[in-house]
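Undergrad: here you go, sequence then predicted model.
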Amino acid sequence: MENKKDLIIRILISIIIGGVLLIISLRKPSDMKAPIPLNQCKEDSLLKVINQLEIDLKTEEDGWDDKEKRYEDILFEYEYGIDHLKKNNPKAYQEFHRIIGFKENFSRETEHENKKRLNTDKW
């Protein structure tokens with residue numbers, strides 16, 4: 001008789017444990033939510049502004065290289081043109097220095113002042 005009671009208790013406990021496990025297994029997937037990583041930010045307007053500023057900064061940095069190259073090309077053309085005027089048309093060369101020196105008449109002093117002021121080594 002004790003074996004029968006013992007057997008019934010074991011079967012009842014097994015059924016209860018089986019039922020609990022079945023209920024947990026059926027309900028668990030619907031209750032589970034994916035954990036939110038702590039280091040991941042949500043996209044908001046401030047983050048969009050920051051991203052846009054980073055893109056603008058990169059564009060500006062790339063643009064400065066092009067502007068510097070263009071500036072060097074302009075200086076080369078300027079020096080080439082001035083050398084050409086000096087060799088082939090001295091009157092135009094003197095007139096050029098007189099104009100950019102804001103003088104009435106050309107003088108070697110005006111030429112030296114202009115060369116000193118327009119010295120490209122400082123760039």
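TA: Received it, and whenever you're ready, just let me know what you need.

Undergrad: contacts only, for Lys69.
TA: Neighbour list for Lys69: empty [criterion: Cβ atoms under 8 Å, 6 or more residues apart in numbering]. Backbone N, C-alpha and C define where each C-beta goes, glycine included.

Undergrad: which strand or helix spans Tyr78?
TA: Using DSSP states H and E, Tyr78 sits within helix 45-88.

Undergrad: and that helix, what's its mean pLDDT?
TA: For helix 45-88, the mean pLDDT works out to 84.

Undergrad: quick one: list the elements packing against the helix or strand following that helix.
TA: Downstream of helix 45-88, the first helix or strand assigned by DSSP H and E is helix 90-100. Counting contacts by 3 or more Cβ pairs under 8 Å, 6 or more residues apart in numbering; DSSP states H and E, helix 90-100 packs against helix 45-88, helix 108-117.

Undergrad: against which helices or strands is the shortest one packed?
TA: Helix 108-117 sits against helix 90-100, with contacts defined as 3+ Cβ pairs under 8 Å, 6+ apart.

Undergrad: kindly recompute the last result at 10 Å.
TA: helix 45-88, helix 90-100 (3 or more Cβ pairs under 10 Å, 6 or more residues apart in numbering; DSSP states H and E).

Undergrad: just the ones you listed: most buried one?
TA: Mean neighbour count, computed with mean count of other Cβ atoms under 10 Å, is highest for helix 90-100 among the helices and strands packed on helix 108-117, reaching a mean of 15.

Undergrad: centre of the chain to that helix, how far?
TA: For helix 90-100, the separation from the chain centroid amounts to 46 Å (computed by Cα atoms, centre = their mean, to the nearest Å).
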